[in-house]
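# Give me coordinates for this.
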Amino acid sequence: MIINTENKLFDDLAPEIEKFVNRSVEISDRIEEILKSKNISQREFADMIGKSESEIRKWLCVTHNFTIKSIAKIETVLKEDVLN
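So this is what the prediction gives:
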């Protein structure tokens, strides 16, 4: 999902914020894609990564500021790259 920059709501959005939002959404989408392909529920993923299901839901539903450490943990647990 990419933000439609033709929308007037995003006219004053700083380029780095737009980039952040887009990358955050791409990461969330990729995690969801991996979970679906491996038939892993959000609850199972939360258990695997040591987080609450509500925290995982937030990660996948809103722009989350993923850290390199959290991405590395996600990739390790899922045994698949999140970032390309």
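
# and whatever helix or strand A72 lives in, what other elements does it pack with?
Using DSSP states H and E, A72 sits within helix 68-78. Using 3 or more C-beta pairs under 8 Å, 6 or more residues apart in numbering; DSSP states H and E as the contact definition, the elements that helix 68-78 packs against are helix 15-37, helix 42-49. (Each C-beta comes from the backbone N, C-alpha and C, glycine too.)

# So D81, which state does it fall into?
coil (DSSP: H, G, I helix; E, B strand; the rest coil).

# For burial, what's the neighbour tally of it?
A total of 11 residues lie near D81 under the criterion other C-beta atoms under 10 Å.

# That one reaches I71, doesn't it?
No. D81 lies out of contact with I71 (C-beta atoms under 8 Å); the separation is 9.3 Å.

# need the least confident one among the helices and strands packed on helix 68-78, by mean pLDDT.
For the helices and strands packed on helix 68-78, the stretch scoring lowest in mean pLDDT is helix 15-37; its value is a mean of 92.

# how close does the spatially most central residue of the chain sit to D12?
In the chain, the residue lying closest to the centroid (C-alpha atoms, centre = their mean) is S28, at 2.0 Å. With the distance defined as C-beta to C-beta, to the nearest Å, S28 ends up 24 Å from D12.
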